[in-house]
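Q: Sharing a model that was predicted from the sequence below.
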Amino acid sequence: DKTSATATLRADQPGDTVSRYIFGQFAEHLGYGIYGGIWVGEDSKIPNTRGYRNDVVEALKKIDVPVVRWPGGCFADEYYWRDGIGPRDKRRVKINTHWGGVTEPNSFGTHEFMDFTELLGTDAYVSGNVGSGSPREMAEWVEYMTYEGASSLAEERRANGRDKPWKLPFFGIGNEMWGCGGNLAAEQAANLHRQYQTFVKVPAGQHVTKVAAGANSDDYNWTEAMMRIAGKHMDALSVHYYTVPGGWPPRASSFEFDEAAWIETLASALKVDELLRRHIEIMDRHDPEGKVALYLDEWGTWYEGLEGVNPGFLHQQNTLRDALVASLHFDIMSRYAGRVKMANIAQMVNVLQAMILTKDAQMLLTPTYHAFEMYKPWQDATHLPFKLETPDYRLGDTTVPAVHGSAVRGKDGHVYVALTNLDPNRAASVSASTSGLQATAVSGRVLTAGAITAHNTFEQPEQVKPATFDGATLSGGTLRVELPAKSVVILQLQ
Ligand code: AHR
């Protein structure tokens with residue numbers, strides 16, 4: 001039993017550049033995200049470089065992480081940057097009130113984060129504290145990080161071991177101001193944005209992209225107010241959207257679920273399409289020249305936390321289903337590449353839809369990690385129109401397209417096609433007519449597994465991983481693909 005879909009691929013109609021930053025990551029002081037997941041300290045028995053886990057750094061390097069957002073999230077609006085500088089044993093210890101009520105030792109601070117981004121070869125996206133901090137604190141933090149000349153703050157940075165200023169390409173003015181960032185009304189938040197961003201200044205010759213704290217999923221009124229009141233005072237506006245099957249608060253299992261939860265999760269992930277479209281429509285009205293970018297700077301699945309772990313740690317498993325959630329997001333964001341210039345999955349290690357899970361000295365790569373790795377050719381590629389005519393995959397009252405996809409011309413000049421088969425029971429034959437394609441050969445890789453709940457464990461870390469795919473042919477300008485059920489396939493046309 002098979003479905004069949006048709007498609008047209010227009011290699012002769014190059015579109016917008018798919019920003020590499022849509023493959024960005026988010027790392028908050030939350031559970032084992034930083035402590036244990038990235039940072040173990042120099043004295044740890046776990047092999048590390050200056051305190052950073054070697055295994056995690058090495059794995060992250062392989063997916064070309066373009067940007068990391070830090071220190072939060074909700075944590076950012078309670079973060080006082082001075083707590084995290086200077087000798088580690090003298091740093092202020094505080095309570096992480098948002099995430100599990102645990103002790104925050106502040107041993108991972110500005111220097112450790114910036115050093116980490118340099119180790120990874122990635123860009124820094126620092127979120128400032130609007131909710132409980134002052135414009136002055138924000139201004140001083142930015143000066144501490146970026147000033148080269150003679151100022152007390154620059155001297156202090158040097159005394160703390162960093163001579164040259166760091167690069168600060170992105171700075172967030174608060175986070176979720178409608179919630180943990182201050183419980184503000186949209187108009188109030190927009191005015192506060194105008195005020196705080198005034199004091200975020202970098203020295204001449206440097207540029208910092210100022211990101212305004214955006215809407216909670218479909219709160220279009222928020223985007224409307226932000227753009228109307230503060231649109232001229234920002235380079236980017238964020239939006240957060242989580243895939244939460246079973247509704248809020250998150251209560252669905254991350255790894256024990258049935259087909260109803262599978263389709264519900266994918267349907268919920270697909271909603272990001274309408275969401276981006278509608279936020280963009282509002283931005284287009286206020287900013288027809290497209291000066292302000294839209295950043296989906298928190299996204300991903302949010303399930304019930306794993307048993308035996310502090311529920312405030314948001315520690316969940318990651319299955320094949322999560323890889324499909326990721327592929328759908330990548331396809332959709334590529335389509336909105338003209339406006340969507342960054343996204344940060346929540347979160348990088350051990351938290352929510354993580355790339356990597358760790359347990360003491362052990363590490364595993366999740367199916368989501370593999371989706372990021374497989375989509376690497378999309379980074380800074382050129383979007384190509386790829387129109388699919390697909391039957392539905394239906395269960396109960398829920399309907400989603402059986403096949404989803406996107407296409408790009410990579411920086412290497414080759415055309416890449418992504419195809420996801422959402423149907424867990426039926427393979428799909430896809431026949432795509434192409435135009436403007438010089439390629440004559442096709443090769444590919446596939447991510448799939450025997451069960452919808454398939455996932456990697458510390459005992460069996462390679463249950464879900466990419467394999468060579470030989471189910472595609474290209475002849476006479478027609479691309480034919482036999483997609484296995486529940487799979488993500490990436491094709492390179494050469
Ligand atoms: O990613 C976890 C939390 O989700 C973030 O701290 C917050 O911004 C959002 O509500």
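A: It's in.
Q: need the contact list for the closest residue to Glu389 other than its chain neighbours.
A: In space, and not counting its chain neighbours, Glu389 is closest to Thr6: 4.8 Å by C-beta to C-beta, 6 or more residues apart in numbering. Any C-beta I mention is one placed from the backbone N, CA and C, and that applies to glycine too. Thr6 makes contacts with Leu388, Glu389, Val430, Ser431, Ala432, Ser433, as judged by C-beta atoms under 8 Å, 6 or more residues apart in numbering.
Q: nearest spatial neighbour of the first one, skipping sequence neighbours?
A: Leaving aside its chain neighbours, Leu388 sits nearest to Ala7 (4.7 Å; criterion: C-beta to C-beta, 6+ apart).
Q: Could you give the number of residues near the residue of the stretch 1-150 of the chain found nearest the ligand?
A: The ligand sits closest to Gly73 of the stretch 1-150 of the chain, with a gap of 2.6 Å, by C-beta to the nearest ligand atom. Neighbourhood size, Gly73 [other C-beta atoms under 10 Å]: 28.
Q: Asn318 too?
A: Look at Asn318: counted by other C-beta under 10 Å, it has 29 neighbours.
Q: excluding its backbone neighbours, what's nearest it?
A: Asn318 sits nearest to Thr366 (C-beta to C-beta, 6+ apart), 3.6 Å away.
Q: before we move on, back to that, considering the contacts of Thr6, which is situated nearest to the ligand?
A: Leu388 (31.5 Å).
Q: Am I right that the closest one sits in a strand?
A: Yes - counting by DSSP: H, G, I helix; E, B strand; the rest coil, Leu388 is part of a strand.
Q: Gln494 contacts Gln438, doesn't it?
A: No - using C-beta atoms under 8 Å, Gln494 is not in contact with Gln438, being 9.0 Å away.
Q: Which one of the two is surrounded by more residues?
A: Using other C-beta under 10 Å as the criterion, Gln494 and Gln438 rank with Gln494 on top: 14 against 10.
Q: OK, contacts around that one?
A: Residues near Gln494 by C-beta under 8 Å, 6+ apart: His414, Ala439, Thr440, Ala441, Val442, Ser443.
Q: Spell out which parts of this protein neighbour the ligand.
A: Within the chain, the positions adjacent to the ligand are Glu28, Gly72, Gly73, Cys74, Asn175, Glu176, Glu298, Ala346, Gln347, Leu352 by C-beta under 6 Å from any ligand atom.
Q: The third one contacts Phe26, doesn't it?
A: Spelled out, that is Gly73. Yes - the criterion here is C-beta under 8 Å, and Gly73 meets it with Phe26 at 7.1 Å.
Q: Need the overlap of contacts for the two.
A: In contact with both Gly73 and Phe26: Glu298, Ala346, using C-beta under 8 Å, 6+ apart.
Q: the helices in the stretch 301-450 of the chain, which residues?
A: Remark: helices assigned in the stretch 301-450 of the chain by DSSP state H, counting those that start in this stretch are 320-335, 367-374.
Q: Now mean pLDDT, distance to Trp141 and mean neighbour count too, for those, in CSV please.
A: Formatted as CSV, the helices of the stretch 301-450 of the chain follow (pLDDT from 0 to 100; distance: least, C-beta to C-beta, whole Å; neighbours: other C-beta atoms under 10 Å):
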stretch, mean pLDDT, distance to Trp141, mean neighbour count
helix 320-335, 99, 30, 27
helix 367-374, 99, 30, 25
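Q: Tell me which of these sits nearest to Lys167.
A: Closest of the helices of the stretch 301-450 of the chain to Lys167 is helix 367-374, at 22.9 Å (criterion: C-beta to C-beta).
Q: Centre of the chain to stretch 348-363, how far?
A: Relative to its parent chain, stretch 348-363 has a centroid offset of 15 Å by C-alpha atoms, centre = their mean, to the nearest Å.
Q: what mean pLDDT does that stretch have?
A: Averaging pLDDT along stretch 348-363 gives 98.
Q: Could you give me the buried positions within it?
A: If you call a residue buried by 16 or more other C-beta atoms under 10 Å, then stretch 348-363 has these buried ones: Met348, Val349, Asn350, Val351, Leu352, Gln353, Ala354, Met355, Ile356, Leu357, Thr358, Met363.
Q: Now for the fourth one: which residues touch it?
A: Right, the one you point to is Val351. Counted by C-beta under 8 Å, 6+ apart, Val351 has contacts Glu28, Leu30, Gly31, Tyr32, Gly33, Gly37, Phe313, Leu314, His315.
Q: right, and out of the residues you listed, which lies closest to His404?
A: The closest of the contacts of Val351 to His404 turns out to be Leu314 (C-beta to C-beta; 27.0 Å).
Q: thinking the closest one is in contact with Leu352, fair?
A: Yes - if you go by C-beta under 8 Å, Leu314 and Leu352 touch, sitting 5.3 Å apart.
Q: so what sits against both of the two?
A: Trp302.
Q: quick one, what contacts Gly436?
A: Arg10, Ala11, Asp12, Gln13.
Q: what's the longest helix in the protein?
A: As assigned by DSSP state H, the longest helix anywhere in the chain is helix 259-286.
Q: and the gap between the closest residue to Ala190 other than its chain neighbours and the ligand?
A: Closest residue to Ala190 apart from its sequence neighbours, by C-beta to C-beta, 6+ apart: Ile229 at 3.6 Å. Going from Ile229 to the ligand by C-beta to the nearest ligand atom, to the nearest Å gives 22 Å.
Q: and what of Arg278?
A: Arg278 is 20 Å from the ligand, by C-beta to the nearest ligand atom.
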